[in-house]
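Trainee: predicted structure and sequence below. I'll ask about it afterward.
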Amino acid sequence: MTPRDAVPRELRRAAPVLPVVLIIALLALPMPAGGETSGAEAGAGTGTLADAVSALVVGACVVHVARTGRRPLSRTAAVLLGLPVVGITAAAFGASSASTGVAGAARYLQIFVLVPAAVLILVRDARHFRLLAWSFVALALWQGAIGVQQNLTGTGASYMGEDIRAVGTFGSTDVMGMATVVSYGLVCALALAFRPHAPRMRAVAAGCAALLAVPLALSFSRGAWIATAVACLGVLLLAGARRAGTVLLAGGAAAIVLVVGLGVGSAMLQERLSSITQVTDTPDQSVTDRYTMWAASADMWRERPVTGVGLKGFPEHRDKYASLALSSGSDTAGAGSGFVRQPLLSPHNMYLLVLGEQGLLGLATLAGGWAALLVCGLLRWKRGCARPGGRDGPELDCALVACGLLIWQLTDFVYADIGGPSTVLTAVALGVAAWWAVGSRGPAEEAGAR
């Protein structure tokens, strides 16, 4: 076979998962101004091109399943991915209006049910899985490079009076977008650095992980820092205790060099890091607002513990429960946008948002499904990748990617919720993780693992 013939063959092999790669690639484009907002307003915005393509991918999967007549998901996958429908439907009936309930339900179903299920169906083997993981890394490198350039040239989002916050193409109204993308890419790169029997790919992946630490730091996103640290620690422990110790020592040394090399920026990073622990001791206004909205969500749940106040009900009920410590909004500017006063329409905690709007029923079905996916992923890692004597399974990197992404997401949801253009990437990440945790295992997968 000539090299010219090999390219179409590889494209044919990758064809089923290329629509998902397209969804990821579209997030590299500049986001339109006035895009959708976050959290409680999820589903109210105009959406993005990536959202539209994700809908087409879901539709194509439905047509494919109808034509083949085969069961697309295992029983376990169908239960875990379908479980959130119960809580979402109940909360939709409790929304303030029918249109609000339908819009909110559509967004939740897209992110937590339909797109993850479509990704699980389209990923056929470990080769497809790794292609998506590298797509996460490529997108992160692109957005991270733009973010570093923004910091160096003073064209980023406003932070402490200077336009130095790295936000990539997502703009100042979605400061978490680039941080989320870069975090996903860093976790995937670190996991891919442990791929068995592929020394060149391991070296490239390790280099990518080190590079992505820079834009992640310059995003000044405390929640992303914490989630990435927890996820990377999880990946290292699953890869092996000895490896974890070695990488942690090397990473610590590199971090010291990085912070010292940042010069003036190091003081801002240190102040941002120290603010994480300032909960009761002179916290900044953003921390005060966050904890005030957390308390408001908890009070909403106490009033309606089973089904909550209804989908997208947080903005409507916020002022009834929030204390006077809550400010009127947050200020955003820079990265090509003027000064904007953004209203605080979500608690920036996915668990409390679901608890307040969907009650215990919604939290149990959503968070319970995520936790079950992580447990299933860890069990499969134990069966197929954990070997006595330090020997690695052929899909160790796949296990680390899936478990790392789930750990990152479950941790980040303590400090963030859905909303913004990068939300569709969360759906893809959940689908990727679901393939490893509860996807079907067959000859194609075994061949792709080699």
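Mentor: Right, received. Where do you want to start?
Trainee: could you tell me the backbone phi and psi angles at residue 198?
Mentor: Per-residue torsions, residue 198: phi -140, psi 70 (degrees, to the nearest 10).
Trainee: count of residues packed around residue 359?
Mentor: Residue 359 has 24 neighbours, counted by other C-beta atoms under 10 Å. Using the backbone N, CA and C atoms, a C-beta is placed for each residue, glycine as well.
Trainee: same question, residue 96
Mentor: 15.
Trainee: tell me where this protein has strands.
Mentor: 157-159, 162-165, 330-334, 337-342 (DSSP state E).
Trainee: list the helices and strands the second one packs on?
Mentor: Helices and strands in packing contact with strand 162-165 are listed as helix 126-153, strand 157-159, strand 330-334; criterion 3 or more C-beta pairs under 8 Å, 6 or more residues apart in numbering; DSSP states H and E.
Trainee: mean pLDDT lowest where, among the strands of the chain?
Mentor: Ranked by mean pLDDT, the strands of the chain bottom out at strand 330-334, with a mean of 63.
Trainee: what about the stretch 251-400 of the chain, any weak spots by pLDDT?
Mentor: 251-285, 323-341, 386-393 (pLDDT under 70).
Trainee: how does it look with 80?
Mentor: 251-289, 319, 321-345, 384-394 (pLDDT under 80).
Trainee: show me the one of the helices and strands packed on strand 162-165 that comes nearest residue 87.
Mentor: Smallest distance to residue 87 across the helices and strands packed on strand 162-165 (C-beta to C-beta): 27.8 Å, for helix 126-153.
Trainee: redo the helices and strands packed on strand 162-165 as JSON lines? Include mean neighbour count and distance to residue 109.
Mentor: What follows is the helices and strands packed on strand 162-165, written out as JSON lines (neighbours: other C-beta atoms under 10 Å; distance: least, C-beta to C-beta, whole Å):
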{"stretch": "helix 126-153", "mean neighbour count": "22", "distance to residue 109": "22"}
{"stretch": "strand 157-159", "mean neighbour count": "23", "distance to residue 109": "31"}
{"stretch": "strand 330-334", "mean neighbour count": "17", "distance to residue 109": "29"}
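Trainee: which among the ones you listed is found nearest to residue 11?
Mentor: helix 126-153 (11.2 Å).
Trainee: now do residue 368 against residue 79, distance only.
Mentor: Here residue 368 is placed at a distance of 11 Å from residue 79 (C-beta to C-beta, to the nearest Å).
Trainee: just give me the neighbour total for residue 431.
Mentor: So residue 431, with other C-beta under 10 Å, has 23 neighbours.
Trainee: wait, I meant residue 71
Mentor: Using other C-beta under 10 Å, residue 71 has 10 neighbouring residues.
Trainee: wait, isn't residue 363 in contact with residue 352?
Mentor: No - between residue 363 and residue 352 there is no contact under C-beta atoms under 8 Å: 9.0 Å.
Trainee: the two - which one has more neighbours?
Mentor: Neighbours were counted for residue 363 and for residue 352 using other C-beta under 10 Å; residue 352 has more, 24 against 21.
Trainee: measure that one to residue 110 for me?
Mentor: Residue 352 is 21 Å from residue 110, where distance means C-beta to C-beta.
Trainee: nearest residue to residue 147 in space, please, no chain neighbours.
Mentor: Spatial nearest neighbour of residue 147, chain neighbours left out: residue 166 (2.9 Å); criterion: C-beta to C-beta, 6 or more residues apart in numbering.
Trainee: nope, residue 177 is what I was after
Mentor: residue 170 (3.1 Å).
Trainee: for the one you found, list the residues it contacts.
Mentor: Residue 170 makes contacts with 31, 143, 177, 178, 420, 421, 422, as judged by C-beta atoms under 8 Å, 6 or more residues apart in numbering.
Trainee: return the member of these nearest to residue 193.
Mentor: residue 143 (20.1 Å).
Trainee: I'd assumed residue 174 was in contact with the closest one.
Mentor: No - between residue 143 and residue 174 there is no contact under C-beta under 8 Å: 11.6 Å.
Trainee: on that earlier part again, ok, which of the helices and strands packed on strand 162-165 comes nearest residue 8?
Mentor: Closest to residue 8 of the helices and strands packed on strand 162-165 is helix 126-153 (C-beta to C-beta; 15.8 Å).
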